[in-house]
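Engineer: What would the 3D arrangement of this be:
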Amino acid sequence: MLDPFREMASAMRSRTGFDGTMLKFTKGRWTAGKSATDMGDKELIAHVDQLMYGWTKWEDKKPVDYHVGFVRDRYRPPPRRQLGDDDPDKWERERDPWQRSYFLPLTDPTNGDFYVWSTASDGGKEALADLQDAYADNSELHPKDAHQLPVICLSGDHYNHPDHGRVETPLLDIVRWVDPPKNIKQIRPPKTASSTLVIEQKRDEASDKGFGSDFGADFDDEFPLSE
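Structural biologist: Here you go, the predicted model:
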């Protein structure tokens with residue numbers, strides 16, 4: 001059982017961010033944290049049931065705000081027009097500061113270390129789509145094991161783009177299925193800094209159901225945090 005004071009301290013520090021070591025897939029290499037620890041071929045438990053998605057705002061190459069929710073709850077991100085920052089002349093490097101992104105929590109089965117992989121690229125989107133299909137298939141084909149989570153191996157692949165040459169893509173190869181770890185922390189989506197937007201979001205959710213088709217398109221492979 002987690003000490004309540006440590007749990008609260010962790011929550012307070014992660015008000016506008018994620019509590020965990022961030023994973024990156026950059027130029028074909030998996031790394032973790034500010035020290036860029038090599039994570040290639042590392043096996044981790046993928047908490048697909050805690051997969052999140054939404055918007056991330058970037059300033060000076062750092063995330064400063066989020067509008068993120070759980071896929072399991074069919075969270076519907078707000079339309080881009082409600083986020084503000086819509087003057088391209090004020091964007092850094094002529095890039096929209098709000099980027100669509102997914103967040104996958106993972107844990108090390110050997111020591112319980114906690115990670116979060118953030119991606120907004122086409123390659124990352126495809127890897128997560130395959131992972132979610134496998135997770136849903138396992139639940140449907142093996143109802144008694146529907147609670148199990150996949151252990152994935154962090155690897156990569158590549159393809160040749162006609163304009164950009166070799167493009168590295170992340171792979172999440174499933175090696176086995178396991179029961180969820182005991183006493184694992186339940187990640188919570190980071191709180192948004194835009195309180196008025198929450199009201200608008202609730203109004204949208206009251207009239208719309210499902211994920212919506214406007215969010216899943218136009219992912220950019222040149223994501224500031226990871227591929």
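Engineer: alpha carbons only for contacts and neighbour counts from here, please
Structural biologist: Fine.
Engineer: Bridging across strands, which residues link to Leu171?
Structural biologist: Assessed by DSSP bridges, Leu171 has beta-bridge partners Ser155.
Engineer: His158 is in contact with that one, correct?
Structural biologist: No: using Cα atoms under 8 Å, Leu171 makes no contact with His158, being 9.8 Å away.
Engineer: ranges for the strands of this protein?
Structural biologist: Ranges of strands in the chain, per DSSP state E, are 21-26, 29-32, 37-38, 43-46, 52-59, 62-70, 98-107, 114-119, 149-161, 165-178.
Engineer: Packing partners of the longest one?
Structural biologist: In terms of contact count using 3 or more Cα pairs under 8 Å, 6 or more residues apart in numbering; DSSP states H and E, strand 165-178 is assigned the packing partners helix 122-141, strand 149-161.
Engineer: hmm, 10 Å instead?
Structural biologist: If you count contacts as 3 or more Cα pairs under 10 Å, 6 or more residues apart in numbering; DSSP states H and E, strand 165-178 packs onto strand 21-26, strand 29-32, strand 43-46, helix 122-141, strand 149-161.
Engineer: Let me know which of those is tucked in deepest.
Structural biologist: Across the helices and strands packed on strand 165-178, averaging neighbours per residue (mean count of other Cα atoms under 10 Å) puts strand 43-46 on top, at a mean of 25.
Engineer: Centre of the chain to that one, how far?
Structural biologist: Here the centre of strand 43-46 is set off from its chain's centre by 14 Å, with Cα atoms, centre = their mean, to the nearest Å.
Engineer: Given that strand, what are its sheet partners and their directions?
Structural biologist: strand 98-107 (antiparallel), strand 149-161 (antiparallel).
Engineer: Could you report the pLDDT at Pro63?
Structural biologist: Looking at Pro63, its pLDDT is 86.
Engineer: That one pairs with what?
Structural biologist: Trp58.
Engineer: What of the one 4 residues further on?
Structural biologist: Using DSSP bridges, the beta-bridge partners of His67 come out as Trp55.
Engineer: okay but it is in contact with Tyr102, surely?
Structural biologist: No: the criterion here is Cα atoms under 10 Å, and His67 misses it with Tyr102 at 11.1 Å.
Engineer: Give me the common contacts of the two.
Structural biologist: Residues within reach of His67 and of Tyr102 at once, by Cα atoms under 10 Å, 6 or more residues apart in numbering, are 53-56.
Engineer: For Trp91, give me its contacts.
Structural biologist: 59, 85, 97-98.
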